[in-house]
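*Asks:* whatever this is, show me its structure:
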Amino acid sequence: MINRRKVIQSLATLPFAGSLLGANSLTAQSKTAAVVSSLRRDFFKELGLRTFINAAGTYTSMTGSLMPKEVIEAISYGASEYVNLDDLQDKVGERIAELLECEYATVSSGCFGAMSIGMAGILTGKDPEKVKQLPNTEGMKNEVIIQESHTIGYAQALTNVGAKVVKVKTAKQLEKAITDKTCMLWFLNAHTDQGEIKWEEFVALGKKHNIPTFIDCAADVPPVENLFRFTKLGFDLVAFSGGKGLRGPQSAGLLLGKREYIEAARMHTPPRGETIGRGMKVNKEEVLGMLAALELYLEKDHAKEWEMWESQIKLISDSATSVEGVKSEIHVPKYANHVPSIRINWDEKKVKISPNEVRKQLAEGHPSIQTVGDSKSVGMTTWMMVPGQERIVAKRMKEILSSAV
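*Replies:* As a prediction, this is how the structure comes out:
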């Protein structure tokens, strides 16, 4: 490893040369700074960790997405000054609401955190004593109705703060399940097609019975329209992950919707201490990073980006299917991770290797490539790659498959 101190010391002997170049030329000190800045510390290498090309998607286990330089600059700026945390959240919340044409917003600790503080706010309202009481919901309305097909582990974001989940299948069952303890109706957008009750009817049932509705849209950007769609449909609260398609901080998220509910949710968050959400802290750097990520996302050319993803997927498909016996299926999930994706499969009588072994070789190769899939296929997407990495993936996939023919 290059010794940074020795480099600095050696460059510090250059002031005479610097003086000969004149006052407007590069000084020894600026030369030193330039060289040192180029010696970026490789933390992952020091720690013995392998980085990889992400052909899988925005998985938390794979650290989500890579933030654009504008987001990193916003985070760096935030680290340089002190500011009142509540004032910052107030101003950023107003700015986000303006950008997304909704009543109010706040930056949360991920989508899970948005669901937890949103749920907490529904349970307690703005009653300070109830805020301190959670997760004990004695004396509160605490039942949340969800469709049985929308049941996932992430619903624990609701029960963690004291809510009780009631499951139904039909609109008729939902209305029958409503009691004087019902406080919210919760919808999982990723499972929209799996449930009998769709968006409009779900919102209408909430309004009919004066019960707030909440939709989890963690992985539902893109398309960009989703950032506006659900508040305009009438959902009272909408949650998004900040570190997926928006490419903000992985630990941040957005809670959008009605001001009264978001203000109640904020009562559970830092800097307040005696609350269920104290551990769901969002620092000033994340708040600014999330705002910058959102502004950048809204300004980008989404059609052009989509065309790039399609061409990247086609390149991988063409490369893989050039091997005899290999087929591919290009598809776009309707909900959640709505991006061009590919499944690659083959006749194992002709290509004598299993999908699991292909994924293993991709992961263990140089560079490492992470994918998804099952025992029948290898799945990939390119939207989390650095442009150009698709060529590496295409070449490596063809090499592995060809060697098994």
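
*Asks:* domain ranges for the chain, per the record?
*Replies:* Following automatic domain parsing, one finds the domains of the chain at 82-299, 302-403.

*Asks:* among the ones you listed, which is the most enclosed?
*Replies:* The densest packing among these, expressed as mean neighbour count by mean count of other C-beta atoms under 10 Å, is seen in domain 82-299 with a mean of 20. The way it works is simple: take the backbone N, C-alpha and C, and place the C-beta from them, glycine included.

*Asks:* off-centre distance for that domain?
*Replies:* Domain 82-299 sits 15 Å away from the centroid of its parent chain (C-alpha atoms, centre = their mean, to the nearest Å).

*Asks:* quick revisit: rebuild the domains of the chain as a markdown table, extending it with mean pLDDT and distance to residue 68.
*Replies:* Output for these, formatted as a markdown table (pLDDT from 0 to 100; distance: least, C-beta to C-beta, whole Å):
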| stretch | mean pLDDT | distance to residue 68 |
| --- | --- | --- |
| domain 82-299 | 97 | 6 |
| domain 302-403 | 97 | 11 |
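
*Asks:* so which of those domains gets nearest residue 42?
*Replies:* Nearest to residue 42 among these is domain 302-403; the distance by C-beta to C-beta comes to 14.4 Å.

*Asks:* wait, residue 163 sits on residue 142?
*Replies:* Yes. Because the distance of 5.5 Å satisfies C-beta atoms under 8 Å, residue 163 is recorded as touching residue 142.

*Asks:* what touches both of these two?
*Replies:* With contacts taken as C-beta atoms under 8 Å, 6 or more residues apart in numbering, residue 163 and residue 142 have 123, 183 as neighbours in common.

*Asks:* quick one on the thing from earlier: in a markdown table, list the domains of the chain along with distance to residue 67.
*Replies:* Compiled in a markdown table, these are given as follows (distance: least, C-beta to C-beta, whole Å):
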| stretch | distance to residue 67 |
| --- | --- |
| domain 82-299 | 6 |
| domain 302-403 | 12 |
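
*Asks:* out of those, which is closest to residue 56?
*Replies:* Within these, the stretch nearest residue 56 is domain 302-403; the backing value is 4.7 Å (C-beta to C-beta).

*Asks:* span of the closest one from start to end?
*Replies:* Here the two ends of domain 302-403 are set 38 Å apart, with distance taken as C-alpha to C-alpha, to the nearest Å.

*Asks:* quick one, phi psi at residue 122?
*Replies:* Dihedral angles of residue 122 (phi, psi; degrees, to the nearest 10) stand at phi -70, psi -40.

*Asks:* next one: it from residue 390, what distance?
*Replies:* From residue 122 over to residue 390 the distance is 44 Å, taken as C-beta to C-beta, to the nearest Å.

*Asks:* also residue 231?
*Replies:* Taking C-beta to C-beta, one finds residue 231 at 35 Å from residue 390.

*Asks:* now for the helix or strand harbouring residue 158, which elements pack on it?
*Replies:* Using DSSP states H and E, the element containing residue 158 is helix 156-159. Secondary structure elements in contact with helix 156-159, counted by 3 or more C-beta pairs under 8 Å, 6 or more residues apart in numbering; DSSP states H and E, are helix 110-124.

*Asks:* which SS state does residue 245 fall under?
*Replies:* The local conformation at residue 245, judged by DSSP: H, G, I helix; E, B strand; the rest coil, is coil.

*Asks:* ugh, wrong one, residue 343
*Replies:* Look at residue 343: counting by three-state DSSP, its state is strand.

*Asks:* that one and residue 405, how far apart?
*Replies:* Plainly put, residue 343 is 20 Å away from residue 405 if you go by C-beta to C-beta.

*Asks:* go on, residue 373?
*Replies:* As judged by C-beta to C-beta, residue 373 and residue 405 stand 20 Å apart.

*Asks:* please enumerate the helices of the stretch 101-250 of the chain.
*Replies:* 110-124, 128-133, 156-159, 171-177, 199-208, 226-233 (DSSP state H, counting those that start in this stretch).

*Asks:* now render those as CSV, adding distance to residue 318.
*Replies:* Written out in CSV, the entries for those read as follows (distance: least, C-beta to C-beta, whole Å):
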stretch, distance to residue 318
helix 110-124, 36
helix 128-133, 57
helix 156-159, 42
helix 171-177, 47
helix 199-208, 38
helix 226-233, 31
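
*Asks:* out of those, which is closest to residue 312?
*Replies:* Sorting the helices of the stretch 101-250 of the chain by C-beta to C-beta, the top spot, which is the nearest, belongs to helix 226-233 at 22.4 Å.

*Asks:* quick check: longest helix of the chain.
*Replies:* Ranked by residue count and defined by DSSP state H, the top helix of the chain is helix 302-321.

*Asks:* hmm, residue 203 is touching residue 232, no?
*Replies:* No. Using C-beta under 8 Å, residue 203 makes no contact with residue 232, being 10.5 Å away.

*Asks:* what are the contacting residues of the longest helix of the chain?
*Replies:* 222-224, 326-328, 330, 339-342, 344, 380-383, 385, 387, 390-391, 393-395, 397-398, 401.
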